[in-house]
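Q: compute the structure for the input listed below.
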Amino acid sequence: MPYCTQCGNAVAVHDQFCWRCGARQPAATAPPRVQDPLAGISPRTASILSYIPGIGWIGCIIWLASDRFRHNRPVRFHAFQGLYLFVAWLMNAWVIHPLAYLHFGFDKLIALALLIMSVFMMIKAHHGEMYSLPLFGELAERSVAES
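A: Numbers count the residues shown, from 1 in each chain. Next comes the predicted model:
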């Protein structure tokens, strides 16, 4: 039970003034509540956002690092698979595209295939399916099993 800072009289926790001497009492400070910033994101939404070309990798890292999705196997699978798709985008942009004069638009064909895979996986994630893409899915399965 708290006491008055002026006269030492017992006061209630929520009293702003002492009833005996009228001295103002310090406000009772409750520990601040920490809200989970990912509380409004459902597992389905997190899975879908993992496949957005160009920026989905940011969400993937957030989902993999968060406590909210630490034990959610489908979200982790989609996050890893989305990261591997992003690495394929990077390899296409940094390795194959500079050599495009040798391949006559082969980089554009790969970019189109990666875009189709991303949209396809967004649809599969929306339906709650853990569809495994041929190369990327195997890597994602291994990554989920190791963590």
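Q: only C-alpha atoms from now on, for both contacts and neighbour counts.
A: Will do.
Q: how does this protein divide up, domain by domain?
A: Domain ranges of the chain: 1-28, 43-146, per automatic domain parsing.
Q: which residues touch Ile123?
A: Ile48 (Cα atoms under 8 Å, 6 or more residues apart in numbering).
Q: tell me which element it falls in.
A: helix 106-126 (DSSP states H and E).
Q: re earlier: of all the domains of the chain, which one is nearest Pro37?
A: domain 43-146 (9.7 Å; Cα to Cα).
Q: distance between the ends of the closest one?
A: 21 Å (Cα to Cα, to the nearest Å).
Q: could you identify the helix or strand that succeeds the helix holding Ile123?
A: Following helix 106-126 toward the C-terminus (DSSP H and E): helix 136-146.
Q: surely Asn9 is in contact with Tyr3?
A: Yes. The pair Asn9 / Tyr3 is scored as a contact, 5.4 Å apart, by Cα atoms under 8 Å.
Q: hmm, Gly82 and Cys60 touching each other?
A: Yes. With contacts counted by Cα under 8 Å, Cys60 reaches Gly82, the gap being 6.8 Å.
Q: fine by me, thanks again.
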